[in-house]
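Visitor: below is the sequence, then the predicted model.
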Amino acid sequence: MTVRLVDVRGRPAYAAGHLPGAVHLDPERDLSAVGPDPARGGRHPLPTAAQLADVFGRAGIGGDTFVLAVDDGSGWAARCWWLLRHVGHDAAGTLDLRAYAGPLVRDEPAVEPTGFVARERGDDVIAAEEILARLGDPSLVLLDARSPARWRGDEEPLDPVAGRIPGARNAFFEEPLPDGATEPPEIVATCGSGVTACVVAQKLVLAGREDVRLYPGSFSEWCRREGYPIETGGQKP
């Protein structure tokens, strides 16, 4: 098995210095689709399986490649990890560049494209409509990866409305999973636009909850939908 380092920071950060041998995938263009309406997919819509096959193939990722996705704590490495799993490639991990003390380089390696076969899963996402229909269902627990202040609705720097999906528990992605997070029958990871929710999803998978689902549109989609309720206030559970 070969190892492919994939740097998913923005292009300026990658150009300023990256791990030797790391290729670059742009978080906005490669790990997100272009969506004309955030109410249908959120601010970072999921790419299609065909789009991901092209992206990962151009990055030199094949069936026998272990992918180590690299970021600087933004959550995009976990997003790359989740997208790989979403299309059937489980041989992946993440690295926070802030924990790396070795040399960085500026040259971009040549990459031999390969054929990436996408086998899209159908059991790892949940739609807004299902969440709406199941609000108040104790068997379905939403874990919101945003900061406690955004979860409470004290502030909202990115979306037009502050607050959260009713009943969602706070599980800030920069902190360990809250007590009891792995216990509910069904777990959904959510956030602002489906990025840092992948950090929570990765933690849950590592804790043994392979069945965690992602709400891709997350609050950026939810808050733009007419008639979808929003909750504010409260203390972090």
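Guide: Right, received. Where do you want to start?
Visitor: can you pull the poorly scored residue ranges out of the chain?
Guide: 236-237 (pLDDT under 70).
Visitor: let me see the domain layout of it.
Guide: Per automatic domain parsing, the domain ranges recorded for the chain read 2-99, 128-222.
Visitor: switch these over to a markdown table; also include mean neighbour count.
Guide: For every residue, glycine as well, the C-beta is placed using N, CA and C. Shown next, in a markdown table, are the domains of the chain (neighbours: other C-beta atoms under 10 Å):
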| stretch | mean neighbour count |
| --- | --- |
| domain 2-99 | 19 |
| domain 128-222 | 19 |
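Visitor: make TSV from these and add distance to Pro229 to it.
Guide: Listed next are these as TSV, based on distance: least, C-beta to C-beta, whole Å:
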stretch	distance to Pro229
domain 2-99	15
domain 128-222	5
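Visitor: do you know which of those lies nearest Gly122?
Guide: Among the domains of the chain, the nearest to Gly122 by C-beta to C-beta is domain 2-99 (9.8 Å).
Visitor: kindly check the end-to-end length of the closest one for me.
Guide: Domain 2-99 has an end-to-end distance of 23 Å (C-alpha to C-alpha, to the nearest Å).
Visitor: which phi and psi does Leu83 have?
Guide: Main-chain torsions, Leu83, degrees, to the nearest 10: phi -60, psi -40.
Visitor: show me what contacts it?
Guide: Each residue near Leu83 by C-beta atoms under 8 Å, 6 or more residues apart in numbering is listed here: Leu31, Leu46, Pro47, Leu52.
Visitor: again, only this time at 10 Å
Guide: By C-beta atoms under 10 Å, 6 or more residues apart in numbering, Leu83 lies in contact with 25, 30-32, 46-47, 49, 51-52, 55-56, 69, 89, 92, 118, 198, 214.
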